[in-house]
Every structure is written in C-alpha cells, then in structure tokens.
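Asker: Any chance you can model this:
(one chain, ligands or ions: 1)
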Amino acid sequence: MSKVLIVGAGGVGGVVAHKCAQVPEVFSHITLASRTLARCEKIQREVRELQGRDIEVAQVDADDVAQTVALIRRVEPALVINVALPYQDLTLMDACLEAGVDYLDTANYEPPDEAKFEYKWQWAYQDRFRDAGRMALLGSGFDPGVTNVFCAYAAQHLFDRVRTIDILDCNGGDHGHPFATNFNPEINIREITQKGRYWERGEWVEIEPMSESRVFDFPGVGERKAYLLYHEELESLSRNIPGLERIRFWMTFGESYLKHLEVLQNVGMTRIDPVMFEGREIVPIKFLKALLPDPASLAENYTGKTSIGCLIEGEKDGKPKTVFIYNVCDHEETWREVRAQAVSYTTGVPAMVGAMMMLTGEWRGHGVFNMEQLDPVPFLEALGQHGLPWHVTAL
Ligand code: NDP
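Answerer: Down below sits the predicted model:
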C-alpha cells in the first residue's frame, strides 16, 4: 500500500492515473499534479466514472524545485512518476532528492534550446541517488521502456548471445486529422527532424534525417515503411547488452504526415530558436504546438492499432536464431478502457508497471537505473496482466 504522486496531466498522465487506480492494493493513494489544474480535474472525473476511485489533484510548476518539494512534502508519496515533459526531468529529480523520495520517468532529459537526447544529464545523478539511498528509474514507457525490457529478456532467456537489435515502432492507426502528433508535438517533431543515428561495433553512425527506410511486416497492422531514427534507448542498450554488434531504431510514418512535416520544416515552423514576431520573441515550434490538436484529444475517434517490438538476431546452442518480441495495441479498446489513444496507453501502462515494480520491492536499488538493468521477468508478467500482452515469434 503506497502513496504515489503523478506529475503531468497530458495523454500519458491520464493513462497512468487510470491504471494506478485499477490496482488499489499497490497504489492506495493517488495524487495527480500538473501545471494546469483543470486538466487534472478532468482526469479525476474520468477516473471516478470509469474506475470508481477518488484521486487527489494539485497544481504545480515542476520547473520550480521549491514548489515541487513543498508539494511532495505535503502529499508524502513513496514515489514520484514524472509524465510531464523531458524538460522537467532534472528539476523533478532534484526535488525528489531534496524531499527524499524515489523517481520514475518515461523520456530522457533534453535541454529546451537544443534537440539532444542523451542520458548524460540524468546519469550524472547516479552518485547522489545512491548516496541518498534512493532509486531513479529512467525511461519506463514503451520505447524506451518495454523495448529495453524485451532486449534484456532476450539476452538473458532466449539467446546465448545477442548480435543485432532492430527496434520497430509502427502506429498503424488513423485519427482522421491531416496532420497531428501522437504525443507532445514539440518533443515529437524535435525527435524526428534531428539526424538519424545508430550504433555499430562501438561507433555511432550518423545519417541525414529520414534518409534510410525499409518496409517491415508489422503483426496486427501489415506492411509499412519505417524510417531509421535516433532514439534514446540506443544509448543505454548499446552499453548494457553484452556482445551486441549493432542496434538501430525504426519508426513508421504515413505519406501525409511526412509531406506536412517537410513543408513545416521548409517554412521554418519547426525551428526551436526564438524569432521576433510583432515586437516579441516566439519559438516557432511552440506556436505550432498551440495550433495542432492536443494529442489527448485524438483519442476519441482513433481507429487501428500500434505494433511495436524488437527484432533480435543472435545465437542459441551454437545455432543462429532470430526472434521478434512485440505488442499490438488497439486505439479503440484503449479509448473504451481509459479514454486514451494507444500511444498514450502503451506509454502509461509501463509507467504504472515500473512504479509497481519499485513499490512492491520487485525492483530495488540505490542509484539511477535504465530498464534493462533490472529483472525483466516480473515486469513482463505484470505488463501482460495489465493491458499489454506481448508475444515472441521465432523467425
Ligand atoms: P502532453 O503534452 O500531452 O502532456 C504533458 C503534461 O505535462 C501536460 O499536462 C503539461 O501541462 C504538463 N507540464 C508541462 N510542463 C509542466 C511543468 N513545468 N510543470 C507541471 N506540469 C507540466 O504529453 P504526453 O502526455 O503525450 O507525454 C508525456 C511524457 O511522456 C513526455 O515526456 C513524452 O516524451 C513521454 N512519452 C514517452 C514515450 C515512451 O514510449 N517512452 C512515448 C510517448 C510519450 P499543461 O497541460 O499545462 O500543458
């Protein structure tokens, strides 16, 4: 029985609140806090309606450490689940250390003025968390998150040696808008418009943005074209999976999405540096975010499925072996269960399961951890039980 404080009331925050509410034996008391109180209150009403539980809500600016520490001291949670934006990771880690509680997030820190996804800022907290006897779990979403756990499971239970990993992420759904992003538009567009990068034999190989693509057959969806991108779990997995020779990340995009993105880029609307407009500074990508549909609002009419997994090659008992470990998630089903689309759902469920692992003591440790550093088995068991069944196909 534990108190938990969820920070961030967007698409993912809503799912985490619903899923924690479904497990009262672990999450005995839930507080949802965010910058805009009205969004917390909307989720509070939906959790009461769909899960029959009352959660607390609060307003907080998580960029402000003192304010966040005061909230943590008032709520007295055992764990803070950060599903605000990556920009808040460091201030929330500082607040957790000051208030003496554990920390979990789903996306690594990036500085607001530079699209650079690296763990270095958060790994730098290793000694402070260890010395304080506290645990920080990084990247407990789907990718990063479940994909890291799939890789750890394969390395420990399916292979003697893993040689290559390709993480394949497909959203085969349709939200009916000509252009929208499935999670925070600013974070999403920054991720896609940077150079592609993969890791091979100890070296990072950089390519032009979206310059390499391949068609994969995604279970539950069918054939889709996927593009090679840099994604943050490549950094930790390339260090933590022994014997690995290559790891890449691929994500599918529809033609309409890519066409819109190209135009927006060409006219400068995806810029992250401030420009002067009518006597004041604006950041074009922030303005664009204000115009695009709120990702949480896409959920109601979303159809189709997401299909995300890890294609892993290596050796078992002296023979070559290839497996695909994956989950398929249906947008309409997640709407019915928690009023969310599948991209938010596949992120929010692993955040809840990661929190459950920490609060029940299945995953314990002092310091900063990536998902693949912890025992994959209890996590995967709970993941299947709480809405994201996973499958292993031998190829
Ligand atoms: P949204 O933009 O929908 O929600 C973000 C929420 O954080 C909003 O409620 C926002 O408040 C709140 N917030 C922003 N700044 C602050 C602040 N300073 N203090 C308090 N609250 C703040 O994003 P999503 O729900 O789609 O995504 C949440 C996180 O999940 C992101 O970090 C994203 O990168 C990550 N993610 C991870 C994935 C994975 O698989 N690992 C996949 C998808 C997302 P307001 O309402 O006022 O704007």
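
Asker: Now do the strands in the stretch 251-395 of the chain.
Answerer: Assigned by DSSP state E, counting those that start in this stretch, the strands in the stretch 251-395 of the chain fall at 275-277, 280-282, 305-316, 319-330, 367-370, 391-394.

Asker: Turn these into a markdown table, columns for distance to residue 26 and mean neighbour count.
Answerer: No exception for glycine: its C-beta is placed from N, CA and C like everyone else's. Below are those laid out as a markdown table (distance: least, Cβ to Cβ, whole Å; neighbours: other Cβ atoms under 10 Å):
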| stretch | distance to residue 26 | mean neighbour count |
| --- | --- | --- |
| strand 275-277 | 47 | 10 |
| strand 280-282 | 44 | 10 |
| strand 305-316 | 25 | 22 |
| strand 319-330 | 22 | 18 |
| strand 367-370 | 19 | 22 |
| strand 391-394 | 26 | 12 |
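
Asker: For residue 213, find the nearest of these.
Answerer: strand 305-316 (15.5 Å; Cβ to Cβ).

Asker: Describe which strands that closest one pairs with in its sheet and in which direction.
Answerer: As defined by DSSP bridges, the strand partners of strand 305-316 come to strand 161-171 (antiparallel), strand 319-330 (antiparallel).

Asker: Extract the CA atoms of the longest one and return them as PDB.
Answerer: To tie it back to what came earlier, the one meant is strand 319-330. Below are the C-alpha coordinates for strand 319-330, written out as PDB (Å, rounded to 0.1, in the frame of the first residue of the first chain):
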ATOM      1  CA  LYS A 319      23.000 -22.000 -34.000                       C
ATOM      2  CA  PRO A 320      21.800 -18.700 -35.500                       C
ATOM      3  CA  LYS A 321      18.400 -17.500 -34.100                       C
ATOM      4  CA  THR A 322      16.100 -14.600 -34.800                       C
ATOM      5  CA  VAL A 323      13.000 -13.600 -32.800                       C
ATOM      6  CA  PHE A 324      10.500 -10.800 -32.900                       C
ATOM      7  CA  ILE A 325       9.200  -9.800 -29.400                       C
ATOM      8  CA  TYR A 326       6.200  -7.400 -29.700                       C
ATOM      9  CA  ASN A 327       2.900  -6.000 -28.500                       C
ATOM     10  CA  VAL A 328      -0.100  -4.900 -30.600                       C
ATOM     11  CA  CYS A 329      -2.400  -2.400 -29.000                       C
ATOM     12  CA  ASP A 330      -5.800  -1.200 -30.300                       C
END
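
Asker: does any part of it sit near the ligand?
Answerer: No. Using Cβ under 6 Å from any ligand atom, strand 319-330 never reaches the ligand; the gap is at least 11.6 Å.

Asker: where does the protein have its least confident helix or strand?
Answerer: helix 185-193 (a mean of 83; mean pLDDT, DSSP states H and E).

Asker: Can I get the helix or strand that comes right after that helix in CSV? Just the C-alpha atoms.
Answerer: Toward the C-terminus, helix 185-193 is succeeded by strand 196-200 as the next helix or strand (DSSP states H and E). Extracted C-alpha coordinates of strand 196-200, given in CSV (Å, rounded to 0.1, in the frame of the first residue of the first chain):
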residue,chain,number,x,y,z
GLY,A,196,19.3,9.7,-37.7
ARG,A,197,21.9,7.7,-35.8
TYR,A,198,22.6,4.1,-35.0
TRP,A,199,25.3,2.2,-33.1
GLU,A,200,27.6,-0.4,-34.8
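
Asker: packing partners for strand 196-200?
Answerer: Other helices and strands packing on strand 196-200, by 3 or more Cβ pairs under 8 Å, 6 or more residues apart in numbering; DSSP states H and E, are strand 203-207, strand 222-229, helix 233-240, strand 246-252.

Asker: Go through those and name the closest to the ligand.
Answerer: Smallest distance to the ligand across the helices and strands packed on strand 196-200 (Cβ to the nearest ligand atom): 8.4 Å, for helix 233-240.

Asker: Point me to the residue of the stretch 251-395 of the chain nearest the ligand.
Answerer: Using Cβ to the nearest ligand atom, residue 347 is the residue of the stretch 251-395 of the chain that sits closest to the ligand, at 4.0 Å.

Asker: which one is residue 30 nearest to, not counting chain neighbours?
Answerer: residue 55 (4.2 Å; Cβ to Cβ, 6 or more residues apart in numbering).

Asker: any idea how far the residue of the stretch 251-395 of the chain closest to the ligand lies from residue 88?
Answerer: 16 Å (Cβ to Cβ, to the nearest Å).
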